[in-house]
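Trainee: Generate a structure from the sequence data that follows.
(one chain, ligands or ions: 2)
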Amino acid sequence: MVKKSSAIGESLWSGVVSQSEVEHRIAPPMEFETHCDTEAEAEAEAEVPKEPPKIHRLEESVVNRIAAGEVIQRPVSAVKELVENSLDAHSSSINVVVKDGGLKLIQVSDDGHGIRYDDLAILCERHTTSKLSTFEDLQSIKSMGFRGEALASMTYVAHVTVSTITKGQLHGYRVSYRDGVMEHEPKPCAAVKGTQIMVENLFYNMTARRKTLQNSANDFSNIEDLLKRFSIHHINVNFSLRKHGASGADLHTVGTSSRLDAIRSVYGVSVARTLIKIETSDNNPSSSVFKMNGFISDSNYVAKKITMVLFINDRLVDCTALKRAIEIVYAATLPKASKPFIYMSIVLPPEHVDVNVHPTKREVCLLNQEVIIAKIQSVVESKLRNSNEAQTFQEQIVEPSPSGNIGIIKDSGFSSLPSGSKSQKVPVHKMVRTDSLDPAGRLHHYLQAKPCGPLENNPSLTAVRSSVRQRRNQKETADLTSIQELINEIDCNCHSGLLDVVRHCSYIGMADDVLALLQHDTHLYVVNVVNLSKELMYQQVLRRFAHFNAIQLSDPAPLSELIMLALKEEDLDPECNENDDLIEKITEMNTELLKQKAEMLEEYFGIHVDVHGNLSRIPVILDQYTPDMDRVPEFVLCLGNDVDWENEKMCFQVISAALGNFYAMHPPMLPNPSGDGLQYYKKRKPLRNPEDEENTSNNIEDDVTIEDEMEHELLSEAETAWAQREWSIQHVLFPSMRLFFKPPASMATNGTFVQACETHMTLKDKLNSNNLKPDRKKKEERLECLTGRAERERGGRTRTSSAN
Ligand code: ADP
Ligand code: MG
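Mentor: Numbering: from 1, shown residues only. Ligands and ions are numbered 1, 2, ... in the order given. Predicted structure coming up:
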């Protein structure tokens, strides 16, 4: 049954399965069990007792061993529990010795308050703890432990020996435990202050687990990694880690008062050098109450995977959502250093944290988690932008665009480096922060790296150009402030509920030409991809400001022709000659204006207008995506007509919005041939001139062939355009949305995101109420098919998991 369900899951996604087929395949288990095809099955059925099996109580030792396997999953989980106990005992020195990656021996010694003699008898029973009495205590718990399960669990899967001494005692006690109980009375022993716990032969009674772990070489490094993490948070505690029998320690930290010093001594100078201090807080009970401080790496830290050391209320935890949110910021701002090192400590009122959501307490739940994450995300983002602007600016400009994005149009093979020179990536560690006193110097470098067009060949023009740039650079900070303001506006206006939807949704399919269907948790959303892509492109333009790679147009297009074309298209009365003069005038003025602004358009937006007034390059806004070139005229006209060039912020905003509109995933101009649009191509056929009918039969045949050919070409062009768009929506738009998009609050109410309710009827009502053309029967059918598909998929999954 399990197999069958998952097979259905796969086929539902790989192709359309008819309703009856699905019903047949996901028929309830009973049907499968009652139809016995073979004799063997019939015999087996005869043997199955008719009575239901009897339920009985599991023996406590079995229950405990099952539970223990959950708490102590690997050697490193035992070390974590033991070290946390030592920290809870207010130790200032914690020493760990490990043999065989922890399978043979884990020994943790501390100088904490020790354990009373009277408590030793119940120390390793399940649910015995000194940290909690009532359930309500959980609300304000400050210690790391509270479940009273860790030591008990260890005694069910290993041999545990405890030696301890409390203050004022002349000697300590030692006692061994098995299955939760003492193996003998505690024996007096010599002891130094604190407690030592030895865990030997871990998983001796769980053969399978022991075997898998024996083959894994990671256990020691996992333990080392864990202790490193503890040591950079608890900086006043000395930690050491040693392999049993080794003379030296693998890790040894000494208490310090500086976090950065602690990180330096544990992770090395090369990491510490890249770190930026970060902090933020909020004290608004209606949104969030928290304090955060930490360190994040800058563009000089390059690693294969992210290191995120996160403490929430001094508890070492994972928070996937936060980690992901930070990764997103890095991917957007420092794509080349997108796997950062993060140390972060968040403190909230204890009653705002639910620590009891995971048996190993690894994950916690926070009140107002989304708000907190969004706030942290924006602090990280602005820190990165401020600290790395100069560096990324240089780096991105010198580098040629990644292959594939340049010259996509007609494979022109353009490269921003002189032909023959190889793409040379500047290693991040070799990049030098540009001297702000010599801005012309770095631009000079930039000019050298560019292909030598006629402009660059002329030394006097180059000089003029660089002096223009130099002048502009003096107000570079001002430029960036306005961009920063626009980006901040996006952040402040972000709708946290929708943010969660876009970050964690999966794409189901297109419901019609503009509406896509998404699934988030158990909800379905209908999303207007035109609005969505327009806003996403706008946001990306601001984020990539002055850092664009280029798309080279295979045929540079004269601005004047583009503007003329756009004006004519807008013109309501094409017959009127007076209009022609006007159009010419506007065209001339706009062309001149854009030629004057060419320098700025190129540098900030990657829009290149050559000396002859031809548009020859446009920016890459999302990798792997080229906009619909039919919309170039409209875009150029918008640049000429709508931009207020005097007001810096407005100017940047309008240009970014114009690019957003140009690059948005509008339905292609040719009707969609896969639906009603096919009629358009069919209808074209009888449009032949009736006079042609009188021509010779030969001519008719010729005409028919030519027309058929043209029609065929048109049809296939339309097919390609639509297929490409659908591909881009699925493979470019939605993945980028998940990574970069900050949905504005307006999208929750303007019909861009509409939550589809349980019944299709309500979904249709909602769509209609949002002024989306209600006349589309096809759309509704498709919607129904898709929602059905998603629901069946959900059903399939549930069935699969319940069958497990
Ligand atoms: P929990 O930490 O959830 O209370 P444990 O099973 O980890 O449960 O530990 C049980 C109890 O044993 C603790 O509550 C604590 O009182 C005591 N204990 C364990 N380890 C130490 C230690 N290293 N020093 C002092 N007391 C300890
Ligand atoms: Mg504990």
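Trainee: count of neighbours near the residue in the stretch 401-550 of the chain positioned nearest to ligand 2?
Mentor: With C-beta to the ion, the shortest gap between the stretch 401-550 of the chain and ligand 2 falls at His504, namely 32.7 Å. From N, CA and C alone the C-beta is placed, and that goes for glycine too. As a burial measure, His504 scores 14 neighbours (other C-beta atoms under 10 Å).
Trainee: Can you name the residues that contact it?
Mentor: Going by C-beta atoms under 8 Å, 6 or more residues apart in numbering, His504 touches 520-521, 738.
Trainee: again with His612
Mentor: So His612 contacts 556, 558 (C-beta under 8 Å, 6+ apart).
Trainee: Please report the distance of it from Pro558.
Mentor: 8 Å (C-beta to C-beta, to the nearest Å).
Trainee: Could you do Arg264 as well?
Mentor: For Arg264 relative to Pro558 (C-beta to C-beta), the value is 59 Å.
Trainee: Between these two, tell me which one has more neighbours.
Mentor: Taking neighbours as other C-beta under 10 Å, Arg264 and Pro558 compare with Arg264 leading, 18 against 15.
Trainee: check which helix or strand covers that one.
Mentor: helix 259-267 (DSSP states H and E).
Trainee: ok now that helix, how far from the chain's centre?
Mentor: Distance of helix 259-267 from the chain centroid (C-alpha atoms, centre = their mean, to the nearest Å) equals 28 Å.
Trainee: Go ahead and name everything in contact with that helix.
Mentor: Residues from elsewhere that reach helix 259-267 (C-beta under 8 Å, 6+ apart): 228, 231-232, 235, 251, 253-254, 256, 271-272, 275, 295, 341, 343.
Trainee: Make JSON lines from those residues and add pLDDT to it.
Mentor: As requested, the contacts of helix 259-267 are exported to JSON lines (pLDDT from 0 to 100):
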{"residue": "Lys228", "pLDDT": "97"}
{"residue": "Ser231", "pLDDT": "97"}
{"residue": "Ile232", "pLDDT": "97"}
{"residue": "Ile235", "pLDDT": "96"}
{"residue": "Leu251", "pLDDT": "94"}
{"residue": "Thr253", "pLDDT": "92"}
{"residue": "Val254", "pLDDT": "90"}
{"residue": "Thr256", "pLDDT": "88"}
{"residue": "Val271", "pLDDT": "96"}
{"residue": "Ala272", "pLDDT": "96"}
{"residue": "Leu275", "pLDDT": "96"}
{"residue": "Phe295", "pLDDT": "97"}
{"residue": "Phe341", "pLDDT": "97"}
{"residue": "Tyr343", "pLDDT": "98"}
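Trainee: and the residue nearest to His90 when sequence neighbours are not counted, which of the three is it?
Mentor: Closest residue in space to His90, ignoring its immediate chain neighbours: Gly112 at 5.5 Å, by C-beta to C-beta, 6 or more residues apart in numbering. Following DSSP: H, G, I helix; E, B strand; the rest coil, Gly112 is assigned to coil.
Trainee: How about the contacts made by Gly112?
Mentor: Gly112 touches 86, 88-91, 194-195, counting by C-beta under 8 Å, 6+ apart.
Trainee: Please report how far it lies from ligand 1.
Mentor: Gly112 sits 5 Å away from ligand 1, going by C-beta to the nearest ligand atom, to the nearest Å.
Trainee: The host helix or strand of Ser86 - contacts with which helices or strands?
Mentor: Secondary structure from DSSP H and E places Ser86 in helix 75-88. Other elements packing on helix 75-88 under the criterion 3 or more C-beta pairs under 8 Å, 6 or more residues apart in numbering; DSSP states H and E are strand 93-99, strand 105-110, helix 150-157, strand 194-200, helix 219-233.
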